[in-house]
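# model this:
(one chain, ligands or ions: 2)
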Amino acid sequence: MAMSFNESKTRENLMRAFAGESQARNRYTIAAGAAEKQGMYAISQIFLFTADQERAHAERYYELLKKSAGETIKIDGGYPVDHFESVEKLLRAAEHNELEEFDDVYPAFGDIAKEEGFIEEANAFYQIARIEEIHAKRFGKLAELLENNQYYESTDTQDWMCLNCGHIFHGKLVPNVCPVCHYERGYFVPAGLAPYLECGFLNQK
Ligand SMILES: [Fe+2]
Ligand SMILES: [Fe+2]
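Ligands and ions are numbered 1, 2, ... in the order given. Model (predicted):
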């Protein structure tokens, strides 16, 4: 028989997850500001895009806490202070936290929920864990490109998209300003990371 929600570890874990997601949302919003200040507008937008998804995760966990409406849930937990100027460092820290959620924290919370008989809650932990894996990979990929000076430059010709006007630049080195809208190069994102891009529109090598 399923244990009562009030006595469960799952109730606490949902609150831990809600706290974690809420903080991730704020950390990414702050990181977006740091990236923007340094002219990395596309990376700033990727942080904001991800921050919005963390809000959605928080909302899902909060929804599952509805059974405890009006109560206060005490939790303990450790939360990171990822206060860095360097955008590479911000991306690596974000990647690290996402991986921890995906690899470790949410699967463990899911297993506990399952053991306690909370299947809907377990599924939320497992499903959101898989999203965090995608977040980790995206942040990791961006960090790697910046660290290797390959974000704006490539040995092979490739495509980048200007996130301001949508221009696809085909070449090896992103120009200092977009040839169409004249916005700074920081608006460009490698086409593989551009949103809503249908592959048929890309230039062929
Ligand atoms: Fe999340
Ligand atoms: Fe995430």
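# which parts of stretch 21-28 are buried?
Of the residues in stretch 21-28, 21-25, 27-28 count as buried by neighbour count, 16 or more other Cβ atoms under 10 Å. For glycine as for every other residue, the C-beta is placed from the backbone atoms N, C-alpha and C.
# so where's this protein uncertain?
With pLDDT under 70 as the threshold, the chain has low-confidence stretches at 1-2, 199-205.
# so where do the helices sit in it?
All helices of the chain, identified by DSSP state H, fall at 9-37, 41-64, 87-100, 106-116, 119-147.
# report whether the second one contacts ligand 1.
Yes - for helix 41-64, a contact with ligand 1 is found by Cβ under 5 Å from the ion, at 54, 57.
# distance check, the closest residue to M3 other than its chain neighbours against ligand 2.
Once flanking residues are discounted, M3 sits nearest to E116: 5.4 Å by Cβ to Cβ, 6 or more residues apart in numbering. According to Cβ to the ion, to the nearest Å, E116 and ligand 2 sit 25 Å apart.
# what about E116, neighbour count?
20 (other Cβ atoms under 10 Å).
# need the contact list for it.
Shown in contact with E116 (Cβ atoms under 8 Å, 6 or more residues apart in numbering): 2-3, 8-10.
# these, buried ones only, as a PyMOL selection?
Burial among these is assessed by 16+ other Cβ under 10 Å; the matching PyMOL selection reads:
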select buried, resi 8+10
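# got the contacts of E116 as a markdown table, with distance to N149 columns?
Output for the contacts of E116, formatted as a markdown table (distance: Cβ to Cβ, whole Å):
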| residue | distance to N149 |
| --- | --- |
| A2 | 54 |
| M3 | 54 |
| S8 | 50 |
| K9 | 46 |
| T10 | 46 |
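# so which of the contacts of E116 comes closest to Y151?
T10 (41.4 Å; Cβ to Cβ).
# give the contact list for that closest one.
T10 makes contact with 109, 112-113, 116, 118, 121, according to Cβ under 8 Å, 6+ apart.
# skip the chain neighbours and tell me the closest residue to the residue of the chain found nearest ligand 1.
Closest residue of the chain to ligand 1, Cβ to the ion: H57 (3.6 Å). Of all residues not flanking H57 in the chain, E21 sits nearest, at 4.4 Å (Cβ to Cβ, 6+ apart).
# which residues touch the one you found?
54-55, 57-58, 61.
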